[in-house]
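Visitor: sequence-free structure coming up:
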């Protein structure tokens, strides 16, 4: 399956071509994205997973390699589906630069998931940074310029730290390959490992929207067009989540299983997750701009995810996966609804959207379903995630129990602001007669139905999640030996 | 900026840096078991050993000056950059492409005045440009034998175009720069795809059996460096032309 | 010798970080970012350095016999990439700063914190 590299190469070639194609770009964007999606499906059904691809013919620790395992293919599908869904929200004509940035973003997020080399991962992260910087600045007005510049400065500062970490890894372990690092990491001094991890995590926290590096999030969401909101949510965050799982749980975990509770890094991450959740819930509660509310809420969800993976418990990890999936679908629904409603109301303030829920009930019902799922109401997708995390954190030590309290309080706060918004949608209000094509209501309703199905029959995805957790549990057999076969 | 000298911000920044410094120092003097960041590790203990000995494919192979090897570039940094880790370098080209595209996208297109160049600059410009082009060409053609390569060569070639911009000579139009950029970019990846169809893996070197130290050695390295040089030159020249609108 | 390199690169990084943390002027922040990048590049090269090392370039048969005296080529390759990334970041950020000056009529990073429509 050496042809997996096409997933990165084809979008890049499309990016060069997009300089000349003008109005055809939209079509090319669809073709390339659907190619990526169908190629990942072909890889999934081909039954060859897991496999390792050596680029340039140089074997694993020496050359650069792409790895496809169960986790990889799952996130690959999530990212490419997100790309297709986001493209459907683009109605107007876009300048060619927009599509060039989009193609690079597609290539970079696919590459982040596929790559098996730490420096290659860093390069893909940088490409994502620049593509997002350009996309956020697309409107070129006051808000967009400020947001893009802040994002660029923040992530460049963070990425210099991770470059230092890569240098330290190479100096001590003498390799840049994920699998090789994972097999040698137990030889490393504990203090040195902590330093390297702290430096390296910083660049991932930018994509994960965790506390010290999340100042950009709300501004970037507010300043960018709806399609870019969906790119940021569906592609960049998902790739960031993948990076956290792969690097924290599989590469840099001592004793080859998980971040143990005793290590300081796990405690630091849990603390950062707490701060993120508290800050973002308070921010969302006081905010009137619907897009900003959603941005704050996605920060909070990723905070809960980070708490779930830092606990060092497989059941809690299962919960973290549920949180990722429910947040992935729910935020898609919410951003599309927010986009359509803000077009009709002519403003992003949700108090101006009174009565829209009566005129377009499909969208408002889909929004409410997603909100209930994010809050963790029983029999919605988010419920199973919060249940696993809370249930397992209760059995652990003090810091985890504080986390449980924070998650429960945050659920209540989420309930307050989301139901307030839903109530506004359904309350009386006079609205202008703006035509909204009914076709816009189809996608959110389908996605909301997916959330309901996952909530009622969690077994439908439980097997997939356990396959991925199984890969994390058996990192030496399922990941390292695929890349570095025993001689 | 009025609050740039704020004492509080400075004190907080100093405290943060102090904590980081103390932390790095404490890691450096740590005496726990295992490999430490202060340990003296030589390249022979790293993957670089295989790059230096050119025996990635076959553990026991050795090579001679003037003989052949798995990678025949005499400059080992080049062999790492453009052969063993070629995919990184192609992505690096994309980084430059995307940032310059973003640069051209966000920079305001307002009128700029062009100051007429002096006679000296005007007369000397063609000679200077010729010299710069020659040095640039030399740098990328010999990139696999001596220090140099595609990126510095591209920067040198673009200075020739900068000289043209400064003297007001229309050496090349922005449209053709864009075409050069796209063609070189596509060719770099097309070579990757061609080698996929010839050898079965992307970006594999399919020109074999040349001699270490020859001008035409290193397989695909001179080709890649040539393409990269022109691409970098076109991209950097784009920046100068953004300021050249009449 | 390596210690001197590492100490000076660390001090460059600290100077740059201090600049990024305290300055309000966008241009000063971008310059500070550049200083950090230079520090990192020096740090990476010094990680690959060995005492009395020679350049990893083959010139004759004798240099092939001295392979274990050569410095590590991989950090140099990484630095080559990181220089280009630094260049890209600087170019993009400077262009955004020019646009920022037009839209905000100021190059203070605090200017965008003010609400829309209020004078700065």
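Guide: It's in. Just so it is clear, the model here is predicted, and its values are computed rather than measured.
Visitor: only C-alpha atoms from now on, for both contacts and neighbour counts.
Guide: OK.
Visitor: how many residues are close by residue 81?
Guide: Went with chain A since none was named. By the measure other Cα atoms under 10 Å in any protein chain shown, the count of residues near residue A:81 is 19.
Visitor: my bad, the chain I had in mind was chain C
Guide: Residue C:81, neighbours per other Cα under 10 Å, totals 22.
Visitor: verify the stated contact: it with residue B:93.
Guide: No - counting by Cα atoms under 8 Å, residue C:81 sits too far from residue B:93 to count as a contact (9.1 Å).
Visitor: tell me the phi and psi of residue B:143?
Guide: Residue B:143 adopts backbone torsions of phi -60, psi -30, taken as degrees, to the nearest 10.
Visitor: briefly note if the strand or helix carrying residue B:224 comes near chain C.
Guide: Following DSSP states H and E, one finds residue B:224 within helix B:221-242. No - using Cα under 8 Å from any Cα of the partner chain, helix B:221-242 never reaches chain C; the gap is at least 8.7 Å.
Visitor: what helices or strands is that helix leaning on?
Guide: In this structure, helix B:221-242 makes packing contacts with helix B:86-106, helix B:119-141, helix B:150-167, helix B:174-199, judged by 3 or more Cα pairs under 8 Å, 6 or more residues apart in numbering or on different chains; DSSP states H and E.
Visitor: contacts only, for residue A:364.
Guide: Residues in contact with residue A:364, defined by Cα atoms under 8 Å, 6 or more residues apart in numbering or on different chains, are A:337, A:356-357, A:422, A:425-426.
Visitor: go through the helix or strand where it lies and flag the buried ones.
Guide: Per DSSP H and E, residue A:364 falls inside helix A:361-375. By 16 or more other Cα atoms under 10 Å in any protein chain shown, the buried positions in helix A:361-375 come out as A:362-375.
Visitor: for that helix, the distance to its chain's centre please.
Guide: 20 Å (Cα atoms, centre = their mean, to the nearest Å).
Visitor: enumerate the residues of chain C near chain B.
Guide: Near chain B, when you scan chain C using Cα under 8 Å from any Cα, you find C:14, C:17-18, C:21-25, C:48, C:50, C:56-61, C:64, C:67-68, C:71-74, C:76-77, C:81, C:84-85, C:87-89, C:91-92, C:95-96, C:98-99, C:108.
Visitor: how about 6 Å then?
Guide: Neighbours of chain B within chain C, by Cα under 6 Å from any Cα of the partner chain: C:23-24, C:56-58, C:61, C:72-73, C:77, C:88, C:92, C:95.
Visitor: tell me how far residue B:238 lies from residue B:172.
Guide: Distance, residue B:238 to residue B:172, by Cα to Cα, to the nearest Å: 10 Å.
Visitor: which one's more surrounded, those two?
Guide: Of the pair residue B:238 and residue B:172, residue B:238 is the one with more neighbours under other Cα under 10 Å, namely 25 against 14.
Visitor: residue ranges of the strands in chain A, please?
Guide: Taking DSSP state E as the criterion, chain A carries its strands at A:51-55, A:64-68.
Visitor: if you count contacts, what does the last one end up packed against?
Guide: Counting contacts by 3 or more Cα pairs under 6 Å, 6 or more residues apart in numbering or on different chains; DSSP states H and E, strand A:64-68 is packed against strand A:51-55.
Visitor: got the buried residues for the strand it packs on?
Guide: Neighbour-count burial for strand A:51-55 [16+ other Cα under 10 Å]: A:52-55.
Visitor: how far off helix B:86-106 does it point, in degrees?
Guide: 80 degrees (axes from the mean of the first three to the mean of the last three Cα atoms, to 10 degrees).
Visitor: who does strand A:51-55 pair with, and is each partner parallel or antiparallel?
Guide: Strand A:51-55 has its sheet partners listed here by DSSP bridges as strand A:64-68 (antiparallel).
Visitor: where's residue A:328 relative to residue A:78, distance?
Guide: For residue A:328, the distance to residue A:78 - Cα to Cα - is 9 Å.
Visitor: of those two, give the one with the bigger neighbour count.
Guide: A direct count of neighbours by other Cα under 10 Å for residue A:328 and residue A:78 places residue A:328 higher, at 22 against 19.
Visitor: quick check: which element contains the residue positioned nearest the centre of chain C?
Guide: In chain C, the residue lying closest to the centroid (Cα atoms, centre = their mean) is residue C:37, at 1.1 Å. Secondary structure assignment for residue C:37, by DSSP H and E: helix C:26-47.
Visitor: what packs against that helix?
Guide: Going by 3+ Cα pairs under 6 Å, 6+ apart, helix C:26-47 lies up against helix C:2-22, helix C:73-104.
Visitor: again, only using 10 Å
Guide: helix A:142-173, helix C:2-22, helix C:73-104 (3 or more Cα pairs under 10 Å, 6 or more residues apart in numbering or on different chains; DSSP states H and E).
Visitor: in the helix or strand just after that helix, what's buried?
Guide: Scanning forward in sequence from helix C:26-47 by DSSP H and E, the next helix or strand is helix C:61-65. Buried residues in helix C:61-65, counted by 16+ other Cα under 10 Å: C:63-64.
Visitor: for the helices and strands packed on helix B:221-242, give me TSV that also has distance to residue A:112.
Guide: Shown next, in TSV, are the helices and strands packed on helix B:221-242 (distance: least, Cα to Cα, whole Å):
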stretch	distance to residue A:112
helix B:86-106	12
helix B:119-141	30
helix B:150-167	25
helix B:174-199	18
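Visitor: so can I have a markdown table of these showing mean pLDDT, distance to chain A and mean neighbour count?
Guide: Supplementary listing: the helices and strands packed on helix B:221-242 in a markdown table, determined by pLDDT from 0 to 100; distance: least, Cα to the nearest Cα, whole Å; neighbours: other Cα atoms under 10 Å in any protein chain shown:
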| stretch | mean pLDDT | distance to chain A | mean neighbour count |
| --- | --- | --- | --- |
| helix B:86-106 | 91 | 6 | 23 |
| helix B:119-141 | 90 | 22 | 17 |
| helix B:150-167 | 89 | 17 | 23 |
| helix B:174-199 | 90 | 5 | 18 |
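Visitor: out of those helices, which comes closest to chain C?
Guide: Nearest to chain C, of all those, is helix B:86-106, at 4.9 Å by Cα to the nearest Cα.
Visitor: distance from that closest one to the middle of the chain?
Guide: Distance, centroid of helix B:86-106 to centroid of chain: 11 Å (Cα atoms, centre = their mean).
Visitor: the residue in chain C that chain A sits nearest to: neighbour count?
Guide: Chain A sits closest to residue C:103 of chain C, with a gap of 5.1 Å, by Cα to the nearest Cα. When neighbours are counted by other Cα under 10 Å, residue C:103 registers 18.
Visitor: report the separation between residue B:40 and residue B:26.
Guide: Using Cα to Cα, residue B:40 is found at 18 Å from residue B:26.
Visitor: same check on residue A:194?
Guide: Applying Cα to Cα, one obtains 12 Å for the distance of residue A:194 from residue B:26.
Visitor: those two: which is more packed in?
Guide: Neighbour tally, residue A:194 and residue B:26, criterion other Cα under 10 Å: the higher count belongs to residue A:194, 17 against 13.
Visitor: ok, now which ones touch the more buried one?
Guide: A:188, A:200, A:252, A:263-265, B:27 (Cα atoms under 10 Å, 6 or more residues apart in numbering or on different chains).
Visitor: just the buried residues from the residues you listed, in PyMOL please.
Guide: Selection of the buried residues among those in PyMOL, burial being defined by 16+ other Cα under 10 Å:
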select buried, (chain A and resi 188+200+252+265) or (chain B and resi 27)
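Visitor: give me the beta-bridge partners of the residue in chain C positioned nearest to chain B?
Guide: When scored by Cα to the nearest Cα, chain C has residue C:57 as its residue closest to chain B, at 4.4 Å. Beta-bridge partners of residue C:57, counted by DSSP bridges, are residue B:75.
Visitor: for it, give me the pLDDT.
Guide: Looking at residue C:57, its pLDDT reads 88.
Visitor: which residues touch it?
Guide: For residue C:57, the contact set (Cα under 10 Å, 6+ apart) comprises B:52, B:73-78, B:144-147, C:63-64, C:67, C:70-71, C:73.
Visitor: nearest residue to the middle of chain B?
Guide: residue B:151 (3.4 Å).
Visitor: that residue and residue C:87 touch, don't they?
Guide: No - Residue B:151 is beyond contact range of residue C:87, at 11.5 Å (criterion: Cα atoms under 10 Å).
Visitor: great, nothing more from me.
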